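A.B. asks: Sequence first, then the predicted structure, then my questions.
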Amino acid sequence: MSGSTTDPQPRCEAAHLDDESPCEGPRDAVTVLDRHGNTAKACVHHGTRLYASLINPRVHPGSVPGAALQIYYHAQTTSPFAWLDHHQLPAEDES
């Protein structure tokens, strides 16, 4: 919910609701696109996690020079759905 008093600093659009980790850097460092063309502005941390979790994603530059390349390279070594307990598999509709 936007403007919540319990969370005065909203997280980036790429932060999954179940991912409790904080944003790192500007929340518009990059834009991550899924295979259907849906977009999310992202900090570097959540952009990396989202990119690693999507099928055929793309990343476009945002407010931080070089962040798109950083996300691309870090996502290669990041587990999909990194915020989950890896003993449970994500539902089909989450991929």
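C.D. replies: Yep, that arrived. Residues are numbered from 1 along each chain as shown.
A.B. asks: ok, Asp34 - contacts?
C.D. replies: The neighbours of Asp34, taking Cβ atoms under 8 Å, 6 or more residues apart in numbering as the test, are Leu54, Ile55, Asn56, Pro57. Any C-beta I mention is one placed from the backbone N, CA and C, and that applies to glycine too.
A.B. asks: count of neighbours near the first one?
C.D. replies: The burial metric for Leu54, expressed as a neighbour count using other Cβ atoms under 10 Å, is 19.
A.B. asks: That one contacts Arg35, correct?
C.D. replies: Yes: applying Cβ atoms under 8 Å as the test, Leu54 and Arg35 come out as touching, 7.1 Å apart.
A.B. asks: and the nearest residue to Ala42 once chain neighbours are set aside, what element?
C.D. replies: Excluding the flanking residues, the one nearest Ala42 by Cβ to Cβ, 6 or more residues apart in numbering is Ala14, at 3.5 Å. Here Ala14, judged by DSSP states H and E, is contained in no helix and no strand.
A.B. asks: distance of Ala14 from Pro61?
C.D. replies: 15 Å (Cβ to Cβ, to the nearest Å).
A.B. asks: Looking at those two, which has the bigger crowd around it?
C.D. replies: Legend: neighbour count by other Cβ under 10 Å for Ala14 and Pro61, higher for Ala14 (27 against 13).
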